[in-house]
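# Okay, structure incoming, though there's no sequence with it:
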């Protein structure tokens, strides 16, 4: 799970549906990205990042974020 996405969404008091609508993507797509069942394209990452108020590159830095928290993923 992309816990940072859930945390940010909850901080903004948004549902998955609200984020998806504002990002102009399907809710199911958003949910799959949030659950790490899907990696967003650069375009979709930028749309979601705009809604959540984060830098879009965070979607492609997961390994860095995980290693900082001691939960590095194996390739």
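On my side now, so go ahead. Since the model is a prediction, treat every value here as computed from it, not as a measurement.
# where along the chain do the helices fall?
Taking DSSP state H to define them, one finds helices in the chain at 3-11, 16-23, 27-34, 42-52, 62-68.
# Tell me the helices and strands packed up against the longest one.
With contacts defined as 3 or more Cβ pairs under 8 Å, 6 or more residues apart in numbering; DSSP states H and E, the secondary structure elements packing on helix 42-52 are helix 3-11, helix 16-23, helix 27-34. (Each C-beta comes from the backbone N, C-alpha and C, glycine too.)
# taking the mean pLDDT, what do you get for that helix?
Here the mean pLDDT over helix 42-52 is 97, rounded to a whole number.
# Pull the distance from that helix to the chain's centre.
Mean C-alpha position of helix 42-52 versus that of the full chain (Cα atoms, centre = their mean, to the nearest Å) differs by 8 Å.
# cool, the third one as well?
Per Cα atoms, centre = their mean, the displacement of helix 27-34 from the mean C-alpha position of its chain is 9 Å.
# List of residues touching that helix?
Counting by Cβ atoms under 8 Å, 6 or more residues apart in numbering, the neighbours of helix 27-34 from elsewhere in the structure are 1-2, 5-6, 9, 16-17, 19-21, 23, 38-40, 44, 48, 59.
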